[in-house]
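*Asks:* sequence-free structure coming up:
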């Protein structure tokens, strides 16, 4: 099993890179850690990691094994590779399409991919997964992600309908 899928990004690296200036040499972001870990330095003194620090996208918005499921001692990382991999790939293409959008081109497929990416993005964070687990009354990570897969289209449809209601505003 590839080690590349153990570092699970709940905000894809391609999306994070959108916030790095093209001329920025170090390719790092500022990361505010609301609960910084403590560690022991070389002398054995316990220290608190800085809450605000610069780091690359590999370490931002990622948790090891966030999407790893286990059944009878067997680990699977297919959720990250297949499920979120497809959403992220199509989402990236959709974001690129709309970033360069002009009115002479239209793509229902790009809109559908963007809505799927955005509705999944909200729920795939640790906070979103915890909320979903509480709402669905499930405990295992596999059951939570199953709920995410089932409900993301409903969530996206509600979100899109709300956006269209605001955009239309014909009675305002």
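*Replies:* Cool, got the structure. Values in this document were obtained by computation on a predicted structure and should not be read as measured data.

*Asks:* how close does residue 156 sit to residue 166?
*Replies:* For residue 156, the distance to residue 166 (C-beta to C-beta, to the nearest Å) stands at 16 Å. All C-beta atoms are positioned from the backbone trio N, CA, C, and that covers glycine.

*Asks:* go on, residue 117?
*Replies:* The spacing between residue 117 and residue 166, counted by C-beta to C-beta, is 20 Å.

*Asks:* where in this structure is pLDDT low?
*Replies:* Filtered on pLDDT under 70, the chain yields the residue ranges 1-5, 172.

*Asks:* and the helices in it?
*Replies:* In the chain, the helices defined using DSSP state H lie at 13-16, 78, 85-99, 108-123, 126-136, 141-168.

*Asks:* what comes up buried for the fifth one?
*Replies:* Neighbour-count burial for helix 126-136, with 16 or more other C-beta atoms under 10 Å as criterion, is recorded at 128, 129, 132, 133.

*Asks:* list the helices and strands that helix packs on?
*Replies:* Contact partners of helix 126-136 among helices and strands, from 3 or more C-beta pairs under 8 Å, 6 or more residues apart in numbering; DSSP states H and E: helix 108-123, helix 141-168.

*Asks:* contacts for it?
*Replies:* Identification of contacts with helix 126-136 by C-beta atoms under 8 Å, 6 or more residues apart in numbering yields 10, 63, 66, 122-123, 139, 141, 143-145, 147-148, 151.

*Asks:* now do the first one
*Replies:* Contacts to helix 13-16, defined as C-beta under 8 Å, 6+ apart, come from residues 9, 29, 57, 58, 60, 61, 88, 91, 92, 95.

*Asks:* export those residues to CSV and tack on neighbour count and distance to residue 107?
*Replies:* CSV is the format used below for those (neighbours: other C-beta atoms under 10 Å; distance: C-beta to C-beta, whole Å):
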residue, neighbour count, distance to residue 107
9, 22, 26
29, 18, 30
57, 21, 27
58, 10, 31
60, 17, 30
61, 17, 28
88, 21, 18
91, 22, 14
92, 15, 14
95, 19, 12
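
*Asks:* which of the residues you listed sit farthest apart?
*Replies:* With C-beta to C-beta as the measure, no two of those lie farther apart than 58 and 95, at 20.1 Å.

*Asks:* burial of residue 67, as a residue count?
*Replies:* Taking other C-beta atoms under 10 Å as the criterion, the count of residues near residue 67 is 25.

*Asks:* for residue 70, name its beta-bridge partners.
*Replies:* Listed by DSSP bridges, the beta-bridge partners for residue 70 are residue 75.

*Asks:* before we move on, the earlier item: could I get the helices of the chain in TSV, plus columns for distance to residue 53?
*Replies:* Compiled in TSV, the helices of the chain are given as follows (distance: least, C-beta to C-beta, whole Å):
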stretch	distance to residue 53
helix 13-16	15
helix 78	33
helix 85-99	25
helix 108-123	24
helix 126-136	19
helix 141-168	28
